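Engineer: here you go, sequence then predicted model.
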Amino acid sequence: MGLVRLKIKGISYSQTQNGAYALILNEVDGDRKLPIVIGAFEAQSIAIALEKEIKPPRPLTHDLFKNFSDRFDIVIKQVIIHKLVDGVFYSSIICKREKAEEIIDARTSDAIALALRFDAPIFTYKGILDKAGIFLKFSSKDKDENDDSSIMVDEILQEGETVEIESGATDSYTELSIEELNKELERAVAKENYEKAAKLRDEISKRN
């Protein structure tokens, strides 16, 4: 199964889901796009890495990892989005130190935030792109298809059957029943979305 190189097309904010952003990856030699719904922190970190002129006064978490790696001569060679299970993308960071190469499991948003800081290429497998890649359709009001601000998370969620939700897309769980909250909690823990799990636990505690 061949690898397909991806580039970052942009980040868009959801108008309907509080705190949800869409990271849009585009295949280098094609028109398909891979949308990943991420949280505000990850979106901010990726956006800062994309804007080379923006320098935060103190290092962000991904900047700290980069500084740590530089100090110990660790280089990220590439990032591979290698698996898609139940709507969750799994990624690997291929690192090299001296002559030793290591593969480290990572959330896709973290892997991409680091890839940007190391100028490392991003890849996925053709089968994943065949399954989850989409062709975004633009309405008549979107005259410039290259305008990333016109790509809304809500359009992506409607177009694509598969997206990865790495952070809680909404902070409101008041309409869910206790049973639904517990199921959501189990799913959040299984997907290692601990921020969402904490919010769900808080809501469950209020009901008890």
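Structural biologist: Everything's here; your move.
Engineer: for the residue nearest the centre of the chain, give its distance to Arg187.
Structural biologist: Centroid check for the chain by CA atoms, centre = their mean gives Ser109 as the closest residue, at 3.4 Å. Applying CB to CB, to the nearest Å, the value for Ser109 to Arg187 is 18 Å. In this view, the C-beta of every residue, glycine as well, is placed from N, C-alpha and C.
Engineer: also Gly127?
Structural biologist: Remark: distance between Gly127 and Arg187 (CB to CB) = 25 Å.
Engineer: more neighbours: those two, which one.
Structural biologist: Neighbour totals were compared for Gly127 and Arg187, and Arg187 leads with 15 against 12 (other CB atoms under 10 Å).
Engineer: need the CA coordinates for the helix or strand that contains that one. PDB is fine.
Structural biologist: Assigned by DSSP states H and E, Arg187 falls within helix 178-190. Output in PDB follows, covering the C-alpha atoms of helix 178-190 (Å, rounded to 0.1, in the frame of the first residue of the first chain):
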ATOM      1  CA  ILE A 178     -27.100   9.900  32.600                       C
ATOM      2  CA  GLU A 179     -26.900   6.800  30.500                       C
ATOM      3  CA  GLU A 180     -25.800   8.800  27.500                       C
ATOM      4  CA  LEU A 181     -23.300  10.700  29.500                       C
ATOM      5  CA  ASN A 182     -21.700   7.400  30.800                       C
ATOM      6  CA  LYS A 183     -21.500   6.000  27.300                       C
ATOM      7  CA  GLU A 184     -19.900   9.200  26.100                       C
ATOM      8  CA  LEU A 185     -17.500   9.000  29.000                       C
ATOM      9  CA  GLU A 186     -16.500   5.400  28.100                       C
ATOM     10  CA  ARG A 187     -15.900   6.500  24.500                       C
ATOM     11  CA  ALA A 188     -13.800   9.500  25.500                       C
ATOM     12  CA  VAL A 189     -11.600   7.400  27.700                       C
ATOM     13  CA  ALA A 190     -11.200   4.700  25.000                       C
END
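Engineer: show me what it is packed against.
Structural biologist: Contacts defined by 3 or more CB pairs under 8 Å, 6 or more residues apart in numbering; DSSP states H and E place helix 178-190 against helix 194-207.
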